[in-house]
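Chemist: give me coordinates for this.
(chains A and B)
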Amino acid sequence: MTAIKTIDYRNDREFHEKLIEEVLESYPEKTAKKRAKHLSVTQDGASDCGVKSNIKSIPGVMSIRGCAYAGSKGVVWGPVKDMVHISHGPVGCGQYSWSQRRNYYVGTTGVDSFGTMQFTSDFQERDIVFGGDKKLKKMIDEIEELFPLNKGISVMSECPVGLIGDDIEAVAKERGAAIGKPVVPVRCEGFRGVSQSLGHHIANDAVRDFIFDKREPEAFESTPYDVVIIGDYNIGGDGWSSRRLLEEMGLRVIAQWTGDSTLSELERAPKAKLNLIHCYRSMNYISRHMEEKYGVPWLEFNFFGPSRIAMSLRMIAEHFDDKIKEGAERVIEKYKAMSDQVIETFRPRLAGKKVMLYVGGLRPRHMINAYEDLGMEIVGAGYEFAHRDDYQRTMDYVKDGTLIYDDITAYEMEHFIQRIRPDLVGSGIKEKYSTQKMGVPFRQLHSWDYSGPYHGYDGFAVFARDMDMAINNPAWSLFKAPWKAAEPAPASA
Amino acid sequence: MPQSADQIKDHVSLFKEPEYQEMFARKREQFECPHPPERVAEVEEWMKSWDYREKNLSREALTVNPAKACQPLGAVFCAAGFEGMLSFIHGSQGCTAYFRSHLSRHFKEPSSAVSSNMTEDAAVFGGLNNMLDGLQNAHKLYKPKAIAVGTTCMAEVIGDDLQAFIAKAKQQGSVPEDFDVPYAHTPSFIGSHVTGYDNMLEGILKHYWEGAAREPGETLNIVPGFDGFCVGNIRELKRMLGLMGVEATIMCDPSDVYDMPSDGTFTMYSGGTPIEAVKGGINAKATISLQEYCSKKSLTLAESSGQEVAAFNYPLGVAATDEFLMKVSALTGKPVPAQLELERGRLIDAMTDSMAYVHGKTFTVFGDPDFCIGVTRFLLELGAEPVHILSSNGSKAWAKKMKAIVAASPYGKRAQVWPGNDLWHLRSFLHTEPTDLMIGSSYGKYLERDCGVPLIRLSFPIFDRHHHHRFPIFGYQGGLQMLVRILDKVFDGLDAQTNIAGENDMSFDLTR
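Modeler: Model (predicted):
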């Protein structure tokens, strides 16, 4: 995507460079050398952010990253609502990820939908010693009996599965044939790769290998306006507030991947005329595959904030006829008054506020213009599991002198926040409470802090409201006890 | 338009708007290939039947919605209870991210722990280098007083030897020779988080006690166990001991680290049992555990050092608190003070005031083994009738003990004890034999929705209600707190059943 002109500002390059020096001083030499490659300050005109990425985290430094299982079960497969997803291995992985991603769906949970449930093989020592294949086989049969309306089953491997030599592929194949439903083995053991990212890739490959072309999808009539939303996990309903806009401009959304999705939506996606990809990081693989094998082109879009939404709607419309182009203009016009009013309400309260972002593989760039639509400035951005192409794309968004941190450590994060004293930090649950104790407002940007949606025009209003309440809550002014008023303020930029 | 800038709607109301409802229907009809609604309704009804319950109970391999977590979570919780101690979990990094998130979501507090970040190469060659680098980095960066090493299942399956690795790390200078690195193997495929707590506590005690000569003294060690209410409970415990004038070491005290003030700074460590006190703990007269199933190995260790030991089961309410206090009194020779007797009387006073609203009410209780025992005993004291008592991490021995407790009370006659079962089993129990109320964790909210049994959140984890864990559910005060929570649910329920004007509001009583 190209850059977009919102507000003008530059960040303090020298100060940010100094901060990097400061944190590196605290590490052992070998670690400092490694971490130096992941920290940078952006330079206008450069082709990327100047950091190495998608590299193993360093032991002992408190990386914020998760694992391949989290990327596969938690992100890609978990939201497919009419399939049962087995967390195959010990009880913990499924337990800690149970209902935490907030992938909203409509359905009767436990009967025809299974999203907010935790199915696990709860491995015991004997399963480690004798292998878990027999148990898996039995589990699949028990799921069939007790949850007869499931449309299929996925097997999400946890660490031990790959270490004890289980053959889940064979079990899946055999039981899948027996029950006449897809049983999808996914090798997303947590030790694979360096972050959630490989889990996304493995999960994408499993869709390719075990869903596509496996059986004839139910009768389906194509139209010239068929699109798929790819890489929207419907967190707090994001996919829905996006879908509405596409439908309103005249497109037909034949599948959502994978928020609120069903098996049939997975199966039919290759019939689309265009794949619209929101989270590039987690689903570019399958989009590329659909382009190569089925000739479905794909397009990255961004539904955060009115500037990007309008730009995206027009870009999408470019792939269709005049009817759709007019539809895009109509939608932009329809929502203009509402989003202008949102900006009018909140911009005076938020303009000039400085924001640091640290999220997964997409949002640290995708949300930047939404903040800027409200007059807010991004001083730092970084990703847990981005790759080089993400840091290249980030350059379309960040201003000169922005502090960049790849796979940040808790130590670095605390130091940067303490020194920059931004007005808002957007990151995850592990970062939330330590940041707030420092007196710095915070919003979780994985779960939307239990709010949402944030996508689309409907979502932008919620986003603006939430950022305002985080920053302007009166409690922030109460931190200092009055009898301590004489003490100097903490060091700030 | 469903959204408006004047009154911004988030997911709670936005998706109820007709534009969205129509869109959902369209999506369902055109693209989801759903089962026919009659079929869904039919299966939904069948799932409420005895037939389904029997099939559900005959499951052998599948676990659905368990109410338990894995060992290293307990290890991280345990290590957080010692002064300046940093958890170091040897294995895949994702696990540690999960433990931290899980604890943060419950306590609404930061949870710090590092990982050795093992990846595929470590799976092949072992995680020694990860341990060496990890200890060095953690030591330099986070300046802990000690590092407590636990394991994930990955490290356990490949058989990494913590003792040897830590020795090597010291030899190579990752941490100083005299730096404390207690450790425990905490495989996720054995036991649950309560086992992990015990293993880590045993590891820590072993580390500080091994080789030390015991000089028997008069103090007590008290092991609170894994407890989502540790903040309120440990403070109440300390207050009671203070009133008695008893000198005790709380062996694992995370009450401060999981309740840090907002004052403009973040400190990773806060409070916790001082290391010197841990060392001194070997000289204690006795070690008392408040949660038997969180401390079997730790108590064995204490006993083998020559101490007396005693284990309780999450004592709260009247008799269980009496027993605890009398034990403390017997061990220390200090009488139970008048103040506590006064509080005891006040609790009983509250119980008699409100008995009409609890007597005969049927209850479901689920949670960790000790929690279930403590709560059930209190319910029996209130004249309430526990019907389903379920512990996913409860053993057969636990079930035997639990059954004996309910058998001893006329109010326990209907009680069924379910060791090792999960909340999908419980769903069947509640559909076939519903109870008036349910006590458990946030996971129970799906049962509340599906079975219509009101949930009182009093256990770990509580994600969807805030701050209750800052108040005690231990001792007499804990009994009072629990009574009030039960009563609030009962009264709210009564009002909800009687609040339609002109229809059912003759019973909408001002005074109850």
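
Chemist: centroid residue for chain B?
Modeler: By C-alpha atoms, centre = their mean, chain B has its centre lying nearest to B:Phe460, at 3.7 Å.

Chemist: that residue reaches B:His106, doesn't it?
Modeler: Yes. B:Phe460 is in contact with B:His106 according to C-beta atoms under 8 Å; the separation is 6.1 Å. Every C-beta, even on glycine, is put in place using the N, C-alpha and C of the backbone.

Chemist: circling back to that earlier point, the residue nearest to the centre of chain B and chain A, how far apart?
Modeler: 12 Å (C-beta to the nearest C-beta, to the nearest Å).

Chemist: got it, and B:Lys403?
Modeler: Separation of B:Lys403 from chain A (C-beta to the nearest C-beta): 24 Å.

Chemist: which phi and psi does that residue have?
Modeler: Here is the backbone geometry of B:Lys403 (degrees, to the nearest 10): phi -60, psi -40.

Chemist: between B:Phe460 and B:His106, which contacts overlap?
Modeler: B:Gly228 (C-beta atoms under 8 Å, 6 or more residues apart in numbering or on different chains).

Chemist: which residues touch the residue nearest to the centre of chain B?
Modeler: Neighbour list for B:Phe460: B:106, B:226-229, B:367-368, B:441 [criterion: C-beta under 8 Å, 6+ apart].

Chemist: just A:Gln100 next, same as before
Modeler: Contacts of A:Gln100 (C-beta under 8 Å, 6+ apart): A:74, A:447, B:101, B:105.

Chemist: what's the pLDDT at the spatially closest residue to the last one that is not a sequence neighbour?
Modeler: Put plainly, it is B:Arg105. Nearest residue to B:Arg105, sequence neighbours excluded (C-beta to C-beta, 6 or more residues apart in numbering or on different chains): B:Phe463, at 4.9 Å. Note for B:Phe463: predicted pLDDT of 98.

Chemist: count the neighbours of B:Phe463 for me.
Modeler: Neighbour count of B:Phe463, defined by other C-beta atoms under 10 Å in any protein chain shown: 19.

Chemist: and the gap between it and A:Gln444?
Modeler: Using C-beta to C-beta, to the nearest Å, one gets 13 Å for the distance from B:Phe463 to A:Gln444.

Chemist: help me see whether the helix or strand harbouring B:Asp370 makes contact with chain A, please.
Modeler: In this structure, B:Asp370 is located in helix B:369-381 according to DSSP states H and E. No. Helix B:369-381 lies out of reach of chain A by C-beta under 8 Å from any C-beta of the partner chain, never closer than 15.5 Å.

Chemist: other SSEs contacting that helix?
Modeler: Where contact means 3 or more C-beta pairs under 8 Å, 6 or more residues apart in numbering or on different chains; DSSP states H and E, helix B:369-381 is packed against helix B:319-332, strand B:362-366, strand B:385-391, helix B:396-407, helix B:475-497.

Chemist: mind putting the ones you listed into CSV with mean pLDDT and mean neighbour count?
Modeler: Formatted as CSV, the helices and strands packed on helix B:369-381 follow (pLDDT from 0 to 100; neighbours: other C-beta atoms under 10 Å in any protein chain shown):
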stretch, mean pLDDT, mean neighbour count
helix B:319-332, 98, 18
strand B:362-366, 98, 26
strand B:385-391, 98, 26
helix B:396-407, 98, 16
helix B:475-497, 98, 19
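
Chemist: who wins for proximity to B:Asn117 among those?
Modeler: Using C-beta to C-beta as the measure, strand B:385-391 is the one of the helices and strands packed on helix B:369-381 that comes nearest B:Asn117, at 33.8 Å.
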